[in-house]
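[1] Could you look at this predicted model? Sequence included:
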Amino acid sequence: MVLTSKSEEGDKLRQQSAALNELAEIEDRKEELQSDIEEIKNWISTQPVLDEHEIAKLLSKNYNLNMTKAKEYLESYPKEYLIKEKDIPEIVKDLKKYRRKLKGKDREELTKSIENLINSYSNHLSDCIKSIYWLAPYETPLRQMGYKEKDLKKLHAVKDSSTRRELIDSLCKYWEAELFRGKDYNPNYSNMTKTMTNAKRDFRKIVKNLSNYPIRKTLSEQLDDFILKSVCEHQGITARHLYDKLPAKLHRSASPHIISKVADKLEITNIEGQYYKLPNEIKKDLYAYTAAFIDSDGYITMDRKYNPRIGIIATGDRGKAFVTELHKELGFGKLHLDQKSPQATRSVQRLNFYSYNDVTSLLSKCRPYFRMKGDNADILSELIRIKKNYRKSDWAKDRLQELFKLMKWANHKDHVGYDFSKEGIYVDDIQKYKNNCKMGLMDELDKVEVIAKAEEDDAIDDLEEIVEEYELTPEQWSSVDDASDYLFEHVGPTRGEEE
C-alpha cells in the first residue's frame, strides 16, 4: 500500500517536472521572439527613407521572411481608445467640466485621475510615434508640431518616399533652427524663430494635404468593419451567415465562434443568436429618430402625483433588439424586456424614462423633431421646471393641476367618447390653461441666478488657468473656495477700498 502511494507521488512529481520544463521552453522561446523583434525594429530604424515596398523587400531578404510577415512588422499600429465613440481628449474635456462642480477631496481625487489619464494618453501617443518607423527618430521636433492622433494615423499611412522625405525635411529644419537659436534675443534668435515658424507651417500643410491617404487597417480591424456593416445592412443575421459572407482574405482566419466573440466586443445586440445594430444613418440623427418613434409608438404623460413619464413600446425579438440598441446609444433610461402582452401575443419590450434629468435631456434634444406630441413635451418641460425650482411658490400647486388637465386633454382629445368631466376638464378652460403658462415668469426669476452663475463660472475659469500656469499643488489650492477667498482678499474690491 505504501509502495503504491509512493509510486503515485513519484508520477505526480514527474508530471510537474515535465510541465515546468515545457514552461521553461516556452519562456525561452518567448525571450528569443522578443529579441528577434527588437533586432528587427533596430534594423528598421537604421534604414534610409525609402518606399514601404522597398523596405519590406529588404526586411524579407535580410531575415528570411515572406512579404506578408514583413509588411505586418511595418504596418503595426496601436489601437485607438474610444469610450462611447469619444476619444481621450474629449473625455478629459468632459471630466474637467464636471470637476467644476466638485470641491475639496472629491475635486483633488478627480484631478489626480485626470492627470493619470493624460499621462497614459501621452504614453499611447509616444507608442504611436514609435510605430511609424521612418518618423520615430524625429520624435523631439514632431512633438512641437501640434498634432492630434488622427494626424499620426495619416502619417502612418504614408508609403511613398517623396512625401516621407518632405515631412522629415521640415522637421529637420525646425530642429536645427531650435538648436542654433540660443536663449538671448538678438538677430540670430529672430531669424531662427522665423525659420522654425516656416518649417512648422510647411509640416502642417503637408499633413493637411494627406486627407486623401487611406488609413491602413489590420485584418482584425477589417473583420470588425465587415461585421458591423453586414449586421447594419442585414438585421437579424447569424454568425454562420456572416461567416459565409466573409471575403476570402478574412474567411481563412475567422470562424462562427470568432465572429460571435467579435460581435460581443463590438457591443452588437444578440437576440437568440441573431445580431442587430443601429445603422450609422440613424445614429447621426438619433434624436430625430427617437422623437419619431415616440410620436408613433410611445407616450409622454404624467401620473396623478405629477411625476413625468416617457416610454417607447415595441414587440417581439426585433422590438427587443431595437429598444436595447436605442438604450445603448442614448445612454440613459430603463429597460423592461419580455413583458407579457395583455392579448397573450408577442412579448412587449419597453424603454422608459422616469427621472427628471433623463426626461429633461430627452425632451430638450427631441423637441425640434416632434410632430404629434410637441404639446405633451412642452407640458412636461414646464412641469419639471416647476417641481425642481419653484414647487414652493404660491402659484405652483394650482399650475400643476392645470398641467395635469392639459396633459389629459393632449393625450385623449382624439378619443371619441372619452369622458373628460370625470377629471374636471372642460373644453372652455383649455385655452385659459394654455395662456397661463409660467415659463416666461420662470425665465425672469432665473435671470438673477444666471448672472450670478456666469460670474462664478468666469471666476472658476480664471482660477483653473492660474493653477495650470503656476503649477500649484493641491495643498496650495485645496478647493475653489480657498482660491476664491485668496482672490477676494488680494485683488477684490474690499482690499482696494481699505488701501
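    Noted; the coordinates are in hand.
[2] Pull out the buried positions in stretch 389-399.
    Within stretch 389-399, the residues that count as buried by 16 or more other CB atoms under 10 Å are 390, 399. Every C-beta, even on glycine, is put in place using the N, C-alpha and C of the backbone.
[3] Can you name the residues in contact with that stretch?
    Contacts with stretch 389-399, where a contact means CB atoms under 8 Å, 6 or more residues apart in numbering, come from 382, 386, 436, 438, 442, 445-446.
[4] Ok, stretch 364-383 next?
    So stretch 364-383 is in contact with 287-288, 290-292, 294-296, 298-302, 306, 308, 310, 359-360, 363, 399-400, 403, 406-407, 410-411, 437-439, going by CB under 8 Å, 6+ apart.
[5] what mean pLDDT would you report for that stretch?
    Model confidence over stretch 364-383, given as mean pLDDT, is 92.
[6] Can you list the low-confidence ranges for the stretch 151-300 of the chain?
    Counting by pLDDT under 70, the ranges of the stretch 151-300 of the chain that qualify are 211-216.
[7] hey, where'd the strands end up in it?
    237-238, 269-271, 274-276, 298-302 (DSSP state E, counting those that start in this stretch).
[8] Give me the phi and psi for D184.
    Torsion angles at D184 (phi, psi; degrees, to the nearest 10) stand at phi -80, psi 140.
[9] burial count for it?
    7 (other CB atoms under 10 Å).
[10] and if you look at the one 10 residues further on?
    With neighbours defined by other CB under 10 Å, the count for K194 comes to 11.
[11] what's the distance between it and E329?
    50 Å (CB to CB, to the nearest Å).
[12] Summarise which helices and strands the longest strand seen in the chain is packed against.
    In the chain, with assignment by DSSP state E, the single longest strand is strand 308-315. In terms of contacts (3 or more CB pairs under 8 Å, 6 or more residues apart in numbering; DSSP states H and E), strand 308-315 is packed against helix 286-297, strand 298-302, helix 316-330, strand 348-353, helix 356-366, helix 374-389.
[13] Figure out the length between the terminal residues of stretch 345-361.
    Terminal residues of stretch 345-361 are spaced 34 Å apart (CA to CA, to the nearest Å).
[14] wait, I meant stretch 130-141
    The first residue of stretch 130-141 is 14 Å away from its last residue (CA to CA).
[15] quick one on the thing from earlier: adding distance to K340, write the helices and strands packed on strand 308-315 out as CSV.
    Below are the helices and strands packed on strand 308-315 laid out as CSV (distance: least, CB to CB, whole Å):
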stretch, distance to K340
helix 286-297, 18
strand 298-302, 19
helix 316-330, 13
strand 348-353, 7
helix 356-366, 25
helix 374-389, 27
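[16] H156 is nearest to which of the ones you listed?
    Nearest of the helices and strands packed on strand 308-315 to H156, taken as CB to CB: helix 316-330 at 30.0 Å.
[17] now the closest one, how far from the centre of its chain.
    20 Å (CA atoms, centre = their mean, to the nearest Å).
[18] next one: stretch 77-94
    6 Å.
[19] Also stretch 433-450?
    Distance of stretch 433-450 from its chain centroid, counting by CA atoms, centre = their mean, is 36 Å.
[20] List the buried residues in that stretch.
    For stretch 433-450, a neighbour-count test (16+ other CB under 10 Å) marks 433, 437-438 as buried.
[21] so which of those residues comes closest to K249?
    Out of the buried residues of stretch 433-450, the member with the shortest distance to K249 (by CB to CB) is C437, at 62.7 Å.
[22] so is that closest one in a helix, a strand, or just coil?
    Look at C437: counting by DSSP: H, G, I helix; E, B strand; the rest coil, its state is coil.
[23] ok, now how distant is it from A177?
    For C437, the distance to A177 equals 65 Å [CB to CB].
[24] How about S161?
    Taken as CB to CB, the span from S161 to A177 is 24 Å.
[25] So if I had to pick from the two, which one is more boxed in?
    Higher neighbour count among S161 and A177: A177, with 20 against 17, using other CB under 10 Å.
[26] Apart from its chain neighbours, what residue comes closest to the spatially most central residue of the chain?
    Geometric centre of the chain, nearest residue: K86, 2.2 Å, by CA atoms, centre = their mean. Leaving aside its chain neighbours, K86 sits nearest to D94 (7.6 Å; criterion: CB to CB, 6 or more residues apart in numbering).
[27] and that neighbour, how many neighbours?
    12.
[28] cool, the one 3 residues further on as well?
    By the other CB under 10 Å criterion, the neighbourhood of K97 contains 9 residues.
[29] Who are the contact partners of it?
    Contact analysis of K97 by CB under 8 Å, 6+ apart lists nothing.
[30] Moving C-terminal from the helix or strand in which it is found, which element do we reach first?
    Assigned by DSSP states H and E, K97 belongs to helix 88-99. Next along the chain after helix 88-99, taking DSSP H and E as the criterion, comes helix 104-131.
[31] Just name whatever secondary elements that following helix is in contact with.
    Contacts defined by 3+ CB pairs under 8 Å, 6+ apart place helix 104-131 against helix 88-99, helix 139-142, helix 149-156.
[32] neighbouring contacts of the longest strand of the chain?
    Residues from elsewhere that reach strand 308-315, judged by CB under 8 Å, 6+ apart: 290, 293-294, 297-303, 320, 322-323, 326, 341, 345-354, 356, 359, 362-363, 380, 383-384.
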